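> need the 3D shape of this:
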Amino acid sequence: MTTYPGITLTHSLLPENERDAVKLLGTYFAPLEPGQGYTGSQFDTWDPSGTAATNIDTFTADDLVALTFLSVDVPARAAIELLGRRRGEFSELLAAVGEDRDLADADEPLDAESAAHRLNRALREFQGIGPTVASKLMARKRPRLIPIYDKVINRHVLGGSGQQWEPMRQALRAEGCALQRRLLELRATAGLDETVSALRIFDVLAWMDGKAADKARPVTYPVASHTAT
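Modelled structure (predicted):
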């Protein structure tokens, strides 16, 4: 299956283009050289303090630095609150989401009453944190459960709808989780570590395909007026 309700598979995500997908993954996750390479390749594993395993439910300075590798920043005042006065509040919100698990294994939608939505809403109450930054913060803490969102993904995968979580869940679960399995197979073929989630494989391939398409044909992105979840 190559089409799903609300989800468009870009070139490298199509089953017949596995070779292209593996090549793109090799390019994106290649070791960084001075002035060369994708800093986003470090997003999933960045842990200079060595505390990631003990801070599963706490946003840390390492998390905020990791977001810069994906070309976004957490505004200064939001960072002060997340790492300071409201640290405990957001730790409780993260803990309520539960441990990281594959979105493909979620039997029920992450609906408006879910803990994930509550965390998303709380993050977006900060001035300067919109759907993109919120998604990357959440994906940093729950990489297997929360997909990354940005304008490239919205245009090329979501058709401008801004609706991502439920269409992605359904796509990953369709046909006995065929898409989920293929993403994990691509990860293995590309020789990537298991810390890189299936969602991240999807995101990297869709983003690189989308950026290439946009470079070939400049586009105007729609103004987001939606929830981006």
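
> can you map out the helices along the protein?
Shown for the chain, the helices assigned by DSSP state H span residues 18-28, 61-68, 76-83, 87-97, 115-124, 131-141, 151-156, 165-189, 198-216.

> what average pLDDT does the shortest one get?
Averaging pLDDT along helix 151-156 yields 97.

> any stretches of the protein with poor pLDDT?
1-2, 217-229 (pLDDT under 70).

> distance of the spatially most central residue of the chain relative to residue 132?
Within the chain, one residue has its C-alpha closest to the average C-alpha position: by CA atoms, centre = their mean, that is residue 148, at 2.2 Å. Residue 148 is 8 Å from residue 132, where distance means CB to CB, to the nearest Å. Heads up, the C-betas are built off the backbone N, CA and C, glycines and all.

> if we can go back for a sec, mind putting the helices of the chain into a markdown table with distance to residue 35 and mean neighbour count?
Compiled in a markdown table, the helices of the chain are given as follows (distance: least, CB to CB, whole Å; neighbours: other CB atoms under 10 Å):
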| stretch | distance to residue 35 | mean neighbour count |
| --- | --- | --- |
| helix 18-28 | 16 | 17 |
| helix 61-68 | 17 | 18 |
| helix 76-83 | 27 | 16 |
| helix 87-97 | 35 | 16 |
| helix 115-124 | 33 | 18 |
| helix 131-141 | 24 | 23 |
| helix 151-156 | 23 | 20 |
| helix 165-189 | 27 | 18 |
| helix 198-216 | 19 | 20 |
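
> reformat these as CSV; add distance to residue 109.
CSV is the format used below for the helices of the chain (distance: least, CB to CB, whole Å):
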stretch, distance to residue 109
helix 18-28, 28
helix 61-68, 26
helix 76-83, 27
helix 87-97, 14
helix 115-124, 10
helix 131-141, 16
helix 151-156, 19
helix 165-189, 5
helix 198-216, 16
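
> select, out of those, the one closest to residue 10.
Ranking the helices of the chain by distance to residue 10, with CB to CB as the measure, places helix 198-216 first at 3.6 Å.

> what is that closest one packed up against?
The helices and strands touching helix 198-216, judged by 3 or more CB pairs under 8 Å, 6 or more residues apart in numbering; DSSP states H and E, are helix 18-28, helix 151-156, helix 165-189.

> rerun at 10 Å
The criterion is 3 or more CB pairs under 10 Å, 6 or more residues apart in numbering; DSSP states H and E, and the helices and strands that helix 198-216 contacts are strand 7-8, helix 18-28, helix 131-141, helix 151-156, helix 165-189.

> please identify which of these is closest to residue 43.
Ranking these by proximity to residue 43 (CB to CB) places helix 131-141 first, at 7.2 Å.

> how much space is there between residue 134 and residue 80?
When distance is defined by CB to CB, residue 134 is 17 Å away from residue 80.

> list residues touching both of residue 148 and residue 132?
Where contact means CB atoms under 10 Å, 6 or more residues apart in numbering, the residues bridging residue 148 and residue 132 through contact with each are residue 70.

> what sits against the closest residue to residue 37 other than its chain neighbours?
Counting by CB to CB, 6 or more residues apart in numbering, the nearest residue to residue 37 once its immediate chain neighbours are dropped is residue 30, at 5.7 Å. In this structure, residue 30 makes contact with 36, 37, 38, 41, judged by CB under 10 Å, 6+ apart.

> now for the first one: which residues touch it?
Think residue 36. Under the criterion of CB under 10 Å, 6+ apart, the neighbours of residue 36 are residue 30.
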